[in-house]
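Student: here is my input; please provide its structure:
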Amino acid sequence: MAHMALAYKRAVLAHHRLFSGCPSAAIDELARRADAMAVAAGTRLFEMGDPGTRLHIVIEGEVRITVPSTEGKEIALALIGAGEVFGEVAVLDGGARTAAAVVVRPTRLLALERRELLAVMARHSEVAERMLEVVCAHLRRATTQIEELSFVGAPMRLARTLLRLAHVQEAALTDGCAVTVTQRELGEAIGMTRENTNRLLKELERRALIGIDKGRIVILHMAELRRAAELRG
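Tutor: Residues are numbered from 1 along each chain as shown. Modelled structure (predicted):
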């Protein structure tokens, strides 16, 4: 059983977009040190200010990264899906968590303790390089979000968020694909109240770009939604 578990973790890491291409020795060491986890929806993995002791690698599912607002509500910073990692900042610098992490739907993870990850990074420069890429990618994403909140109108932010969700949830990105999200979660992501988010969704529905179902939004016209988001391709 232990051998099967190790083989499973090794296969996951070898095919994960972060570690694929790393030397076999590095993958073997990561697999031996990683813990496999199955986590239920609604689980809070850590809170802002907690010690940053673990890096999480998403195999399947979805995790929301949030910070509290001055009104006591939560603001969604990012949605993390399969093939992504989170919690790297506090793990790398040894400081406190800069945000909270909440599981949105049933999720499978691999978790690496800080001391274990640092030990692998010290022996394998490729792993250290990949971790640097993660930090840079998340910094770029945060910069984009700040720009959108500052300079992009709410309808365009909503369209971009729906497309981003479809990507995170590994939808087919074609007409008829659906994303699972509540209007409250969408509002948090675009910096709007639930009421205003509902109004924006109704407008997209009126234009036949989306269909609204309980807890699901169906993208009916992908090309037009991309135009609403002002994205090319």
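
Student: give the contact list for Ile27.
Tutor: Taking C-beta atoms under 8 Å, 6 or more residues apart in numbering as the criterion, Ile27 is in contact with Arg10, Leu13, Ala14, Phe19. C-betas here are computed from N, CA, C, even on glycine.

Student: quick check, the second one in a helix?
Tutor: Yes. Looking at Leu13 with DSSP: H, G, I helix; E, B strand; the rest coil, it is inside a helix.

Student: ok, how many other residues are close to it?
Tutor: Leu13 has 23 neighbouring residues, counting by other C-beta atoms under 10 Å.

Student: that one against Arg32, yeah?
Tutor: No. Under the criterion of C-beta atoms under 8 Å, Leu13 makes no contact with Arg32, lying 10.5 Å away.

Student: on that earlier part again, so which of the contacts of Ile27 is the most crowded?
Tutor: Of the contacts of Ile27, with other C-beta under 10 Å as the count, Leu13 tops at 23 neighbours.

Student: that one: what's it in contact with?
Tutor: Phe19, Ile27, Leu30, Ala31, Ala34, Ile57, Leu110.

Student: which strand or helix spans the residue minimising distance to the centre of the chain?
Tutor: Nearest to the mean C-alpha position of the chain, by C-alpha atoms, centre = their mean, lies Ile80 at 0.9 Å. When elements are assigned from DSSP states H and E, Ile80 belongs to strand 74-81.

Student: for that strand, which residues meet the burial criterion?
Tutor: Glu74, Ile75, Ala76, Leu77, Ala78, Leu79, Ile80, Gly81 (16 or more other C-beta atoms under 10 Å).

Student: the fourth one: what's its closest spatial neighbour, skipping adjacent residues?
Tutor: Translated: Leu77. Closest residue in space to Leu77, ignoring its immediate chain neighbours: Ile65 at 4.7 Å, by C-beta to C-beta, 6 or more residues apart in numbering.

Student: now do the SS call for the one you found.
Tutor: Secondary structure state of Ile65, per three-state DSSP, is strand.

Student: tell me what it is bridged to.
Tutor: With DSSP bridges applied, Ile65 shows beta-bridge pairing to Ala78, Ala101.

Student: quick one: pLDDT of it?
Tutor: On pLDDT, Ile65 comes in at 91.

Student: pLDDT below threshold where in this protein?
Tutor: Scanning the chain for pLDDT under 70 picks out 1-4, 70-72, 149, 151, 170-172, 231-233.

Student: list of residues touching the following helix or strand past the strand holding Ile80?
Tutor: Counting by DSSP H and E, the element after strand 74-81 in chain order, helix or strand, is strand 85-86. Contact with strand 85-86 is made by Leu18, Leu55, His56, Ile57, Val58, Val63, Ile65, Ala78, Ile80, Ala101, Val134, as judged by C-beta under 8 Å, 6+ apart.

Student: all strands of the chain, in order?
Tutor: Along the chain, counting by DSSP state E, strands occupy 35-39, 44-46, 54-68, 74-81, 85-86, 100-113, 177-180, 210-213, 216-219.

Student: which residues touch the closest residue to Arg157 other than its chain neighbours?
Tutor: Closest residue to Arg157 apart from its sequence neighbours, by C-beta to C-beta, 6+ apart: Ile190 at 4.3 Å. Ile190 makes contact with Ala154, Arg157, Leu158, Thr161, Thr197, according to C-beta under 8 Å, 6+ apart.

Student: distance of the closest residue to Gly95 other than its chain neighbours relative to Leu112?
Tutor: Spatial nearest neighbour of Gly95, excluding adjacent residues (C-beta to C-beta, 6+ apart): Gly52 at 6.2 Å. Separation of Gly52 from Leu112 (C-beta to C-beta, to the nearest Å): 12 Å.
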